[in-house]
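Peer 1: what's the 3D shape of this:
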Amino acid sequence: MKRNWRRAAQKAISRNDHRSIVAGAVAGLGGAIAIGVMEFFSFVAHYPLAVIPFATSIVLVIGSPDVEPAQPRALIGGHLVATMVGLAVLKLTGPHAWAAAAAVGLSILVMYVTGTFHPPAGINPLLVVSGNLPWTFLLAPVLAGALLLTAFSYAWHRGVRRQPWPRRWL
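Peer 2: Coordinates of the predicted model:
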């Protein structure tokens, strides 16, 4: 009895069966590929991967692609808004623990108000303030990474899962 493993894998992926080992393995592979690309860019940009806040974003976008925080507006906008809040707080206060906490709280407010709420981006202001990171952090790795992650997610969902993503761009 020969089983067509490709057909079984495609079927499990396309229905996004969260209990399927095959779908989980393929989703894990997608996440590993995305983080591998981020690792490469962290090496090139001379930022340690621990300072690049996208691991939880890829888990969210791969695992729950239909939720609002997994849409491009929130994915890109949330990372940008949260990082800008962190950079502004750092500029105004310096790299203090209380300032990092305040920056996280303010970023939640700003993401909520701007319709860019993306929970994984909540780490960005903490990293910025506590690490005393420069304004260039906004462009690389944050903007570049968010755009790459969006492109990867689009290719993953359309090409591998054969499902529409995103529900909307803005």
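
Peer 1: who's in contact with residue 68?
Peer 2: 74, 117 (CB atoms under 8 Å, 6 or more residues apart in numbering). Quick note: C-beta positions are derived from backbone N, CA and C, even for glycine.

Peer 1: for the protein, what helix or strand is lowest in average pLDDT?
Peer 2: Every helix and strand of the chain was ranked by mean pLDDT, DSSP states H and E. The lowest is helix 5-14, at a mean of 63.

Peer 1: after that helix, heading C-terminal, what element do we hit next?
Peer 2: Remark: after helix 5-14, the chain's next helix or strand is helix 21-45, criterion DSSP states H and E.

Peer 1: what segments of the chain are helices?
Peer 2: For the chain, the helices defined by DSSP state H occupy 5-14, 21-45, 55-63, 72-93, 97-114, 123-131, 136-137, 144-155.

Peer 1: counting contacts, what elements does the last one pack onto?
Peer 2: What that stands for is helix 144-155. With contacts defined as 3 or more CB pairs under 8 Å, 6 or more residues apart in numbering; DSSP states H and E, the packing partners of helix 144-155 are helix 21-45, helix 55-63, helix 72-93.

Peer 1: between the longest one and helix 144-155, how big is the angle?
Peer 2: Compare the direction of helix 21-45 with that of helix 144-155 by axes from the mean of the first three to the mean of the last three CA atoms, to 10 degrees and you get 150 degrees.

Peer 1: how distant is helix 21-45 from the center of its chain?
Peer 2: How far helix 21-45 lies from its chain's middle: 12 Å, per CA atoms, centre = their mean, to the nearest Å.

Peer 1: and if you look at stretch 106-113?
Peer 2: That offset, for stretch 106-113, works out to 17 Å (CA atoms, centre = their mean).

Peer 1: any chance you could list what contacts it?
Peer 2: Contacts of stretch 106-113 (CB under 8 Å, 6+ apart): 74, 77-78, 81-82, 85-86, 89, 117-118, 121-122, 124-125.

Peer 1: residue 159: which of those residues is nearest?
Peer 2: residue 74 (22.0 Å; CB to CB).

Peer 1: before we move on, back to that, mind checking which of the helices of the chain is nearest residue 169?
Peer 2: So among the helices of the chain, helix 72-93 is nearest, using CB to CB, at 5.3 Å.

Peer 1: pick out the residue closest to the middle of this protein.
Peer 2: residue 57 (2.7 Å; CA atoms, centre = their mean).

Peer 1: wait, it sits on residue 123?
Peer 2: No: using CB atoms under 8 Å, residue 57 is not in contact with residue 123, being 9.8 Å away.

Peer 1: now do residue 138, the pLDDT please.
Peer 2: Per-residue confidence (pLDDT) for residue 138: 94.

Peer 1: okay then, goodbye and thanks.
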